[in-house]
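In: here's my sequence, what's the structure:
(2 chains)
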Amino acid sequence: DAGVTQTPRHEVAEKGQTIILKCEPVSGHNDLFWYRQTKIQGLELLSYFRSKSLMEDGGAFKDRFKAEMLNSSFSTLKIQPTEPKDSAVYLCASSFSGTGGNEQYFGPGTRLTVL
Amino acid sequence: GDSVTQTEGLVTLTEGLPVMLNCTYQSTYSPFLFWYVQHLNEAPKLLLKSFTDNKRPEHQGFHATLHKSSSSFHLQKSSAQLSDSALYYCALSGSYNQGKLIFGQGTKLSIKP
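Out: Numbers count the residues shown, from 1 in each chain, chains lettered A, B, ... in the order given. Okay, here's the model as predicted:
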């Protein structure tokens, strides 16, 4: 089975641009997560979907970050407008929901640089 | 709310010495605990997960014991290898049927020859 795929792997944007990151979860998984990873903050949860419904979006990221999941096999994360402080690795992960204790499978990430 | 604490940001060891990375947690429920490992330029992947029957999980020479009395799930290995150099995250799955994981800040393990 294919793992989680993310595109693009690298993105360079000018300050103020709009960028869209894409994620395809593992087939059959119904939980999907977007994280931001930096050396200082570690892994920060941006959004959490269960069966395409938004369960949680990280409060601090609401104003310029918008994740969507229009179908069970594809999700996007839009950052609008971008700022230099958004430079980070953006990770997508998926899991199969159950009674808890479910392993999350991570994609390779998108490295975003905002100039 | 639920939280995970990893007190060490960086652990540097000589190859062959034992490894212990600390992880403590707070949770209202009886959570599952996880260790994820992330090698340079790779995605995080599951290393270990706690069992409901208190068996000790082991993988690639690593093991961790869930101690509910002290709310800890420390990661251990008897002899470090150069290939163990990576970023290690401790995480918990909190309330029943919630898919979200709560991650600690991460510990970078650096093994020197």
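In: helix, strand or coil for A:Ala60?
Out: Following DSSP: H, G, I helix; E, B strand; the rest coil, we place A:Ala60 in the helix state.
In: how about the residue nearest to B:Pro31 when sequence neighbours are not counted, what does it touch?
Out: For B:Pro31, ignoring the flanking residues on the chain, the nearest one in space by CB to CB, 6 or more residues apart in numbering or on different chains is B:Leu92 at 4.3 Å. In short, each C-beta sits where N, CA and C put it, glycine included. Neighbour list for B:Leu92: B:2, B:4, B:25, B:27, B:31-34, B:101-102 [criterion: CB atoms under 8 Å, 6 or more residues apart in numbering or on different chains].
In: the residue most central in space within chain A: helix or strand, and which one exactly?
Out: The geometric centre of chain A, computed from its C-alpha atoms, lies nearest to A:Trp34 (CA atoms, centre = their mean), at 2.7 Å. Using DSSP states H and E, A:Trp34 sits within strand A:31-38.
In: off-centre distance for that strand?
Out: 5 Å (CA atoms, centre = their mean, to the nearest Å).
In: same check, this time on stretch A:15-30
Out: On CA atoms, centre = their mean, the centre of stretch A:15-30 falls 6 Å from the chain's centre.
In: average pLDDT for that stretch?
Out: Mean pLDDT, computed over stretch A:15-30, is 96.
In: in chain B, what residue comes closest to chain A?
Out: Nearest residue of chain B to chain A: B:Phe32, at 3.4 Å (CB to the nearest CB).
In: which non-adjacent residue is nearest that residue?
Out: A:Gly101 (3.4 Å).
In: ok, back up a step: ok, what's across the strand from the residue nearest to B:Pro31?
Out: On the basis of DSSP bridges, B:Leu92 is bridged to B:Leu33, B:Ile102.
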